[in-house]
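Novice: the following block contains a protein sequence and its predicted model.
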Amino acid sequence: MYTGIVQAVRPLLDVTTYPGHNQFTIDLTPELLDELKIGASVSVEGTCLSVTEIDGSQVRFDAMTATLERTNLSSFKPGRSVNIERSAKMNAEVGGHLMAGHIATTAEIVELSIKETGAFIKFRMPPQWGKYVFPRGFIGVNGCSLTVADVEDNVITINLIPETLRQTTFASYHPGELLNIEVDHQTMVLVDVVERTIKGTLARENLLP
């Protein structure tokens with residue numbers, strides 16, 4: 001599990017393509033390397049990946065084809081920076097909201113505005129996933145726990161505070177790029193239950209004489 005609080009932005013050193021998976025090499029800080037072991041889970045741009053090799057500060061992760069198809073990791077090139085968070089420890093403060101690192105979908109950036117008077121990002125969700133996003137609700141975007149400011153026709157608006165811009169990769173984004181999205185699991189369950197209940201009620205009423 002993760003808290004959605006990005007701990008560091010680190011450089012992606014290498015991407016190696018193999019049949020069925022890609023391998024990513026990322027340079028981590030001493031703090032991120034502390035007690036890190038093979039098999040440990042690390043959030044890379046919001047995607048939960050397992051450590052496969054550790055060579056000094058260079059750590060390697062494998063992403064299988066299914067992961068590449070569901071996330072933006074398939075577009076990763078050496079030289080870019082990525083949001084990193086180690087998995088949360090027991091009794092750790094949850095500054096954001098609990099996240100699993102399981103990406104539901106990708107969303108296309110529509111607009112990014114960064115000005116002294118304020119900053120925001122807008123992105124378009126696929127309709128089947130947009131129904132789980134509500135104003136003032138939580139959403140995971142590239143591994144960062146954020147509060148939704150507005151939702152209109154599946155276009156999500158999120159206001160970005162200076163600390164978020166400083167501590168994450170958001171300032172480098174451009175319209176047209178894809179974001180990794182993790183919807184709030186509790187919200188998803190609630191919406192699905194309500195939908196099934198309404199459909200069941202309507203079906204029973206239609207059967208009445």
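Specialist: Cool, got the structure. Numbers count the residues shown, from 1 in each chain.
Novice: report the rounded mean pLDDT for stretch 55-72.
Specialist: Here stretch 55-72 scores 97 as its mean pLDDT.
Novice: what's the first-to-last distance across it?
Specialist: Terminal residues of stretch 55-72 lie 25 Å apart, using CA to CA, to the nearest Å.
Novice: please point out which parts of that stretch sit buried.
Specialist: Neighbour-count burial for stretch 55-72, counted by 16 or more other CB atoms under 10 Å, picks out 59-63, 67-68, 70-72. Just so you know, the C-beta spots here come from the backbone N, C-alpha and C atoms, and that holds for glycine as well.
Novice: and stretch 136-143, by the same measure?
Specialist: Residues 137-143 are the ones in stretch 136-143 that count as buried (16+ other CB under 10 Å).
Novice: mind exporting it as PDB, just the C-alpha atoms?
Specialist: Once non-C-alpha atoms are left out, stretch 136-143 reads as follows in PDB (Å, rounded to 0.1, in the frame of the first residue of the first chain):
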ATOM      1  CA  ARG A 136     -13.800  16.900  -3.500                       C
ATOM      2  CA  GLY A 137     -13.100  13.200  -3.900                       C
ATOM      3  CA  PHE A 138      -9.600  11.600  -4.000                       C
ATOM      4  CA  ILE A 139      -7.800  10.400  -7.100                       C
ATOM      5  CA  GLY A 140      -4.400   9.000  -7.700                       C
ATOM      6  CA  VAL A 141      -2.500  10.700 -10.600                       C
ATOM      7  CA  ASN A 142       0.900   9.400 -11.500                       C
ATOM      8  CA  GLY A 143       1.300   8.200  -7.900                       C
END
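Novice: reformat the buried residues of stretch 136-143 as TSV; add pLDDT, distance to residue 194 and secondary structure.
Specialist: Output for the buried residues of stretch 136-143, formatted as TSV (pLDDT from 0 to 100; distance: CB to CB, whole Å; DSSP: H, G, I helix; E, B strand; the rest coil):
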residue	pLDDT	distance to residue 194	secondary structure
137	91	15	coil
138	91	18	strand
139	95	19	strand
140	96	22	strand
141	97	25	strand
142	97	29	coil
143	96	29	coil
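Novice: and of those, the nearest to residue 97?
Specialist: Using CB to CB, residue 138 comes nearest to residue 97 of the buried residues of stretch 136-143, at 4.5 Å.
Novice: quick one: buried residues of the biggest helix by length in the chain?
Specialist: For the chain, the helix that runs over the most residues, judged by DSSP state H, is helix 185-207. In terms of neighbour count (16+ other CB under 10 Å), helix 185-207 has its buried residues at 187, 191.
Novice: pull the most distant pair out of the buried residues of stretch 55-72.
Specialist: Greatest spatial distance in these: 59 and 70, 22.1 Å, computed using CB to CB.
Novice: partners of residue 11 in the sheet?
Specialist: Taking DSSP bridges as the rule, residue 11 bridges to residue 81.
Novice: give the contact list for it.
Specialist: If you count contacts by CB atoms under 8 Å, 6 or more residues apart in numbering, residue 11 has them with 26-27, 79-82.
Novice: could you do residue 191 as well?
Specialist: Neighbours of residue 191 in contact, by CB under 8 Å, 6+ apart: 131-132.
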